[in-house]
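> Give me the fold of what follows.
(4 chains)
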There are 2 protein chains.
Amino acid sequence: MNRVTAQDVAKAAGVSVATVDRVLNHRKGVSQNTISKVHSAMERLEFVRDQAAADLARGKNYRFTFIVPAGETAFFSDVRREIEEARAVGSKNRIDIQMIAVPPLSPEAVVEAIDALGEDIGDGVAIVAIESQAVRNVINRLRGEGIHVVTFVSDIPNSGRERFIGIDNVAAGRVAASLLKRFVSTPSGDIAVVAGSGTLRDHVERRMGFEQVMRAECPHLNVLPWIEGEELAGVVDEKLSMLLAQNPNIVGLYSLGGGTRGVIEAIEAAQSEISVVTTELSEHTREALITGVIDAVLVQDPSHEVRSAVRVLKALTDGSPINESQERIRIEIFVRDNLP
Amino acid sequence: MNRVTAQDVAKAAGVSVATVDRVLNHRKGVSQNTISKVHSAMERLEFVRDQAAADLARGKNYRFTFIVPAGETAFFSDVRREIEEARAVGSKNRIDIQMIAVPPLSPEAVVEAIDALGEDIGDGVAIVAIESQAVRNVINRLRGEGIHVVTFVSDIPNSGRERFIGIDNVAAGRVAASLLKRFVSTPSGDIAVVAGSGTLRDHVERRMGFEQVMRAECPHLNVLPWIEGEELAGVVDEKLSMLLAQNPNIVGLYSLGGGTRGVIEAIEAAQSEISVVTTELSEHTREALITGVIDAVLVQDPSHEVRSAVRVLKALTDGSPINESQERIRIEIFVRDNLP
DNA sequence: TGATTTTTGGTTGACGCACATCATTTACTA
DNA sequence: TAGTAAATGATGTGCGTCAACCAAAAATCA
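Numbering: from 1, shown residues only, chains lettered A, B, ... in the order given. Okay, the predicted model is just below:
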């Protein structure tokens, strides 16, 4: 009933522990014959190496860096808080996490931050990527130096990043459209779209997905050119208020970036009855969902994303497999009734 | 820059490692004075104990049991597969997991299974509870013996279970209603409800939530008495087909339990155009979402739930804190566009 | 005051694996 | 057949914490 150790395997296979160790860690100097003997013994005894003991013996410390925007958006302040949380948890498991907050929407800032870190960046890094050649280059450089790179929340697909931790943003846009489509009951009208910036791939992709569905399935609805809110509630409020005042035909709105507070304020001020889908789950959007100003909120769980990034970076650095189902980041839909 | 160990703390505090260990694990035999000396040294050096080393030294093996129904439903076969998966992962971390599949919908079977296990049940157990005094009693008995108990998917609140791993089912029902409300565009009509069994608290609660919202916000829609499908696709198909044939006024349907395949078949056979919200994410529901037979599917992620149950049971047995945000099980809404 | 308990603290060896060194055996080449 | 290379064993140390077993000091009692 007791745990079977490498000792037991050695005995059963008729070899020494040294050899078992060689097989276990894929070290050279073992004949094919012995390898299979050891393997069969391991299977027979159902040996599984003790992770805790292995970690301890290896004595390795993992060092990961998060590069995230310092913006005011509710989402990224949640992300930053979750990274702090992950730092505390990680320290119990030999995982040192550092977070660098950089000015938002600036590719240069990202590159500078990484350059400034130098060796100090550790074994791997999670980057909230901004579409730009400079960022792509720095990612590829890091990969060349053997540092593991994952993109986080916003991706740069055609770069050397090993993985993207985040949702399928095109799908998020499609979901927004297919919800809004059912929420809007008028026979025709305009749909407003509020985004953060054209340099954020996640925003562009959501917009793309949204338009796909809208164009294909809602010929009666006209999607207006998007408003760039720069992720700032103030800017969003101002621009959207102006648009609502000018255009009485607006029947629906999709806000796909930060600054959702501005959306809420503009709509409340205009006393508009339009259907609204947004992102960001904050106290403001919660309240707006309950009062009915907003109909649905599409979000990604920052705590899940941060934990996922850490797990993936760890798996990458020690070459262990990744549990895909655990790392799938969901597009979460919140309506009034499933608020957490 | 190196990791600070208990040795370092001992040196800094001017005591031995043994004393540090005593303080760390709240053992007796240390003067108040020394305790505070050690504490201040720990803070000064920012000491965090190494989990891997602690687990190794303690040499404890965790043993948990899952009691789950053996039914044919897509959801529970997913659950069973995930438990197998968790078993494999757990074995690397000194966590032995066993699964007992019992005949569905039978409280006696649950109680018998637990009785048959005896001591073999281990340190903790996760039970898919069925509303019944016998189950409540056995849970309380286990707690009395110091065995940790969590309910899983379906809860029994007024028992000694330490925690419930699952979604807020009343909220799930409410969500179903508020979605269906928007999907149905007719000025009036009947709403059909398909459930599994009245002895499953999760089903009863969903129904409750559904009715709450329907009654309060949809006076134009009439919720029919529910159909008991016994979680069997065949039964569901038969009963629902009959209902659809009899009642041409049905405009919407909420299927809140297993046997969703039966729902799909009945609707397709009847060539009905009604709006449909179901549970269970299987190949059948996926396809039905894509073809438009189903409008939305509300699910809980079985892999998340299983991992959560294991983490919670482990935390309970060694009295460590629980990360609430990680253990919150979400009500996931799937529409055609965010299928994974 | 000496004997005895209680409190307090130190020593030391697991725990299971990783890794390195050195010795020895076996296989293969020249 | 010597000479070299490859395969394997023997052995030891370290990782950080835990816990059992002692030793010393302090407090209590006769």
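
> Tell me the backbone dihedrals of residue A:127, please.
phi -120, psi 130 (degrees, to the nearest 10).

> where exactly do the helices run in chain A?
Taking DSSP state H as the criterion, chain A carries its helices at A:6-13, A:17-24, A:32-45, A:51-58, A:74-91, A:107-117, A:133-144, A:169-183, A:201-217, A:233-246, A:260-270, A:283-291, A:302-317, A:324-327.

> so which of those gets nearest residue B:242?
helix A:169-183 (29.3 Å; Cβ to Cβ). In short, each C-beta sits where N, CA and C put it, glycine included.

> so where is the stretch 101-250 of chain A shaky, pLDDT-wise?
Of all residues in the stretch 101-250 of chain A, none has pLDDT under 70.

> Contact partners for the closest residue to chain B within the stretch 51-200 of chain A?
Distances between the stretch 51-200 of chain A and chain B by Cβ to the nearest Cβ are smallest at residue A:174, namely 3.6 Å. With contact set as Cβ atoms under 8 Å, 6 or more residues apart in numbering or on different chains, residue A:174 has these partners: A:209-210, A:212-213, B:337-338.

> Residue A:290 contacts residue A:334, doesn't it?
No: counting by Cβ atoms under 8 Å, residue A:290 stays clear of residue A:334, with 11.0 Å between them.

> which of these two has more neighbours?
Neighbour totals were compared for residue A:290 and residue A:334, and residue A:334 leads with 22 against 12 (other Cβ atoms under 10 Å in any protein chain shown).

> Look up how far chain B lies from that one.
The gap separating residue A:334 from chain B is 9 Å, by Cβ to the nearest Cβ, to the nearest Å.

> Is it correct that that residue is in contact with residue A:295?
No: assessed by Cβ under 8 Å, residue A:334 is found out of contact with residue A:295, at 10.3 Å.

> Throw the helices of chain A into a markdown table and include distance to residue B:264, thanks.
As requested, those are exported to a markdown table (distance: least, Cβ to Cβ, whole Å):
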| stretch | distance to residue B:264 |
| --- | --- |
| helix A:6-13 | 50 |
| helix A:17-24 | 49 |
| helix A:32-45 | 42 |
| helix A:51-58 | 43 |
| helix A:74-91 | 37 |
| helix A:107-117 | 48 |
| helix A:133-144 | 45 |
| helix A:169-183 | 19 |
| helix A:201-217 | 22 |
| helix A:233-246 | 42 |
| helix A:260-270 | 37 |
| helix A:283-291 | 31 |
| helix A:302-317 | 31 |
| helix A:324-327 | 24 |
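
> which one of those lies closest to residue B:224?
helix A:169-183 (22.8 Å).

> ok, back up a step: residues shared between the contacts of residue A:334 and residue A:295?
With Cβ under 8 Å, 6+ apart, residue A:334 and residue A:295 have common neighbours residue A:289.

> on that earlier part again, so which of the helices of chain A gets nearest residue B:282?
So among these, helix A:324-327 is nearest, using Cβ to Cβ, at 15.1 Å.

> and the closest one, which residues are buried?
A:326-327 (16 or more other Cβ atoms under 10 Å in any protein chain shown).

> Kindly report the same for stretch A:28-39.
A:30, A:34, A:37-38.

> And stretch A:68-80, by the same measure?
A:68-69, A:71, A:73-76, A:78-80.

> who's in contact with residue A:111?
Counted by Cβ under 8 Å, 6+ apart, residue A:111 has contacts A:134-135, A:137-138.

> Apply 10 Å and report the result again.
A:67, A:102, A:130, A:132, A:134-135, A:137-139, A:141 (Cβ atoms under 10 Å, 6 or more residues apart in numbering or on different chains).

> Can you tell me which residues in chain A are near DNA strand D?
Contacts of chain A with DNA strand D, taken as Cβ under 7 Å from any atom of the strand, map to A:14-19, A:22, A:28-31, A:33-34, A:53, A:56-57, A:59.

> isn't residue A:236 right up against residue A:253?
No: applying Cβ atoms under 10 Å as the test, residue A:236 and residue A:253 come out as separate, 11.0 Å apart.

> what do these two both touch?
With Cβ under 10 Å, 6+ apart as the test, residue A:236 and residue A:253 both reach A:194, A:227, A:263, A:266.
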